[in-house]
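**Q** what's the 3D shape of this:
(one chain, ligands or ions: 2)
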Amino acid sequence: MKINISKISRCEGIKENFDIIDKNQYELLFNNQTFKTLPPLSVRGYAVNYEGKIEVDFETTATVELQCSRCIENYVADVHASSFHIFVKEGFQTDEDQQFYKGDEIDLTDIVLNEITAELPMKPLCTTDCKGLCPECGTNNNQRSCGCKAEEIDSRLQVLQKLLEDEQGGV
Ligand SMILES: [Zn+2]
Ligand SMILES: [Zn+2]
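**A** Ligands and ions are numbered 1, 2, ... in the order given. Take a look at the predicted model:
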């Protein structure tokens, strides 16, 4: 995800658009889990030389395979991020918010991956009304209903009954 700034960096006011289609697959580390992007990943925007600094403004669109926090099934979601960064030539950095570039290229890979990661949901859901897994039997209730609620009471009664029987049997 590199942009060539050989022209831009030499002349103030010059602006160039870029449209990158990256066909690599990336891994994103988020919440101690690794998520994969599904290629392609698109990065579109422009770079402009403003008072000798390179301002880069772009939009990223990525498809990421996530895991639902309720039913633990994998699902695919589109993730969008907007970014604005200022780059100065290495050695001329004056501000903490500025990043630096070397030579005639700016590599956006790390920035793009960080920004996609920042957009990932804290509690991913395959659908907003995902029914999740049954806490009793583990059935994915989106696929079928296991009817555990009714059985749950029965099984508790059975446990009680069994305890009583054991107590009686033990005397
Ligand atoms: Zn789900
Ligand atoms: Zn169940």
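
**Q** and Arg44, what does it touch?
**A** Arg44 makes contact with 17-20, 58-59, according to CB atoms under 8 Å, 6 or more residues apart in numbering. No exception for glycine: its C-beta is placed from N, CA and C like everyone else's.

**Q** for it, name its beta-bridge partners.
**A** Arg44 has these beta-bridge partners by DSSP bridges: Asp19, Glu59.

**Q** could you do the one 10 residues further on as well?
**A** According to DSSP bridges, Asn49, Phe87 are recorded as the beta-bridge partners of Ile54.

**Q** how about the residues of this structure near ligand 2?
**A** By CB under 5 Å from the ion, the residues of the chain that approach ligand 2 are 134, 136-137, 139, 146, 148.

**Q** repeat the analysis, applying 8 Å as the threshold.
**A** Among all residues of the chain, those adjacent to ligand 2 (criterion: CB under 8 Å from the ion) are 134-139, 141, 146-148, 151.

**Q** in TSV: the residues you listed, plus pLDDT.
**A** Converted to TSV, those look like this (pLDDT from 0 to 100):
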residue	pLDDT
Cys134	93
Pro135	91
Glu136	91
Cys137	93
Gly138	93
Thr139	94
Asn141	93
Cys146	90
Gly147	84
Cys148	87
Glu151	50
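
**Q** thinking again about what came up before, and the contacts of Arg44, which is closest to ligand 2?
**A** Using CB to the ion, the shortest approach to ligand 2 within those belongs to Glu59, at 43.6 Å.

**Q** for the closest one, what are its contacts?
**A** If you count contacts by CB under 8 Å, 6+ apart, Glu59 has them with 43-45, 80-83.

**Q** against Gln67, how distant is the residue nearest to the spatial centre of the chain?
**A** Centroid-nearest residue in the chain, with CA atoms, centre = their mean: Leu120, separated by 3.4 Å. Using CB to CB, to the nearest Å, one gets 11 Å for the distance from Leu120 to Gln67.

**Q** shared neighbours of these two, which are they?
**A** Counting by CB under 8 Å, 6+ apart, the residues touching both Leu120 and Gln67 are Phe35.

**Q** my read: Lys123 touches Leu66, true?
**A** No. With contact taken as CB atoms under 8 Å, Lys123 and Leu66 are classed as non-touching, separated by 10.4 Å.

**Q** rewinding a little: which of the contacts of Arg44 has the most neighbours?
**A** Neighbours here mean other CB atoms under 10 Å. Within these, the largest count is held by Phe58, at 25 neighbours.

**Q** ok so, going back, comparing Lys123 and Leu66, which residue is more hemmed in?
**A** Between Lys123 and Leu66, counting by other CB under 10 Å, Leu66 is the more crowded of the two (21 against 8).

**Q** I appreciate the help and will end here.
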